[in-house]
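Asker: attaching a predicted model along with its sequence, questions to come.
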Amino acid sequence: MPKQKQHTKKPKPPKASRPHMPGYGISGAKGGDGLLRWSWAVDRLSNTQNYFLSTVRIDGRPHVMPIWGVWVGGGFYFSTGKSSVKARNLAKNASCVLCPGGADEAVILEGTVEKVTSGTILKKFGAAYIAKYNFDVSTMNEPVYVIHPRVVFGQIEKTFTKTATRWTF
């Protein structure tokens, strides 16, 4: 897993555009018309109870599991057992996909994972986790990870062709 700088500053908002999806009838947005606001995606990343995390096994096969986690300051934080398939996969390939549960208003976050080592950030994660799940994750004594987004897609089923949005970081 490549070492990345752990951020404590609020990141710049991503750039919104229409995703390139030939054959799906996506209409071009002029001047941002119809694009979803980043706050729409952050709301789903923040307020969903259960998420799906997809990682890649060493032999290239996908692995998807449900997880709990919190969106804090521009990254998605979660914990998993140090011997779990997720942790072993991420140790070899930091690329992953995270999706809040539910596909009728979907958010698809593609990014890279970093193991969190900063005590300050771990405390923020722990407080946010307790507030959301009423569970003290620090009692598990397992690693915490942050997903840094590279690209995020937002799709609302009922308005898909007019509102499909891609945010790049």
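Answerer: Nice, I can see it. Numbers count the residues shown, from 1 in each chain.
Asker: gap between the helix or strand bottoming out on mean pLDDT in the chain and the chain center?
Answerer: Lowest on mean pLDDT, DSSP states H and E among the helices and strands of the chain sits helix 160-163, with a mean of 91. Helix 160-163 sits 22 Å away from the centroid of its parent chain (CA atoms, centre = their mean, to the nearest Å).
Asker: which parts of the next helix or strand after that helix are buried?
Answerer: Using DSSP states H and E, the helix or strand that follows helix 160-163 in sequence is strand 165-168. The neighbour-count check on strand 165-168 (16 or more other CB atoms under 10 Å) flags 165-167 as buried. For glycine as for every other residue, the C-beta is placed from the backbone atoms N, C-alpha and C.
Asker: how about the contacts made by the nearest residue to Val70 once chain neighbours are set aside?
Answerer: Leaving out its chain neighbours, the residue that sits closest to Val70 by CB to CB, 6 or more residues apart in numbering is Ala128, at 4.2 Å. Contact analysis of Ala128 by CB atoms under 8 Å, 6 or more residues apart in numbering lists 70, 72, 77.
Asker: just the buried ones from the residues you listed, in ChimeraX syntax?
Answerer: Buried residues among the contacts of Ala128 (16+ other CB under 10 Å), as a ChimeraX selection:
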select :70,72,77
